[in-house]
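1. Quick check, what structure comes out for this input:
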Amino acid sequence: MKFIKLVSISVLVMVLVLSISAAEEDDSGATISDLSEYPSTETKQFFGLDEPEGRSLRQMKRTRRITCKKYPRICHARGSPGPQCCKKKCVDILRDRLNCGKCGKKCKYNEICCKGKCVNPSFNSKHCGGCNTRCSNGQFCVFGMCNYA
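-> Residues are numbered from 1 along each chain as shown. I've put the predicted structure just below:
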């Protein structure tokens, strides 16, 4: 019985110490130069991000996000995953496994998307181990390596 009390008290003390140390890390003195890593208000408005009113996630304001279905030019913006719009998301159909070559065309689990075609990099001599990695003439691609064993 004494052992159980001792263990529970030690656990409570550890939790208290960890919560105090986490609170001290949050109160670090950030200067104005440190705030440059945060997104600007223009970026937040563009992607539909709002500041929370409190510390809780429940208090986040929900705004509509801009989708490429309504605004297709958003896919050509800097930082966009790709120039095409598939199911309200910007994708690169030349490299995306879920939209390879066209929207909705999925590659098998052992295939990757290279130049809009699903290929198996383990045995394809034109894409051995990755996209556009060719084996020399006469060499075979085995397990993603040219002339394995």
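2. which one is C135 nearest to, not counting chain neighbours?
-> With Cβ to Cβ, 6 or more residues apart in numbering as the criterion, C135 has its nearest non-adjacent residue at 3.8 Å, and that residue is C146. C-betas here are computed from N, CA, C, even on glycine.
3. scratch that, P83 is what I was asking about
-> C75 (5.2 Å).
4. returning to what we had before: tell me which residues form a beta bridge with the residue nearest to C135?
-> Beta-bridge pairing of C146 under DSSP bridges involves C141.
5. Isn't it up against S136?
-> Yes. In this structure, C146 sits in contact with S136. The criterion is Cβ atoms under 8 Å, and the distance is 6.8 Å.
6. out of those two, which sits in the busier spot?
-> Taking neighbours as other Cβ atoms under 10 Å, C146 and S136 compare with C146 leading, 15 against 8.
7. Where do the helices of the chain begin and end?
-> 2-26, 41-47 (DSSP state H).
8. least reliable of those going by mean pLDDT?
-> Mean pLDDT across the helices of the chain is lowest at helix 41-47; the value there is a mean of 53.
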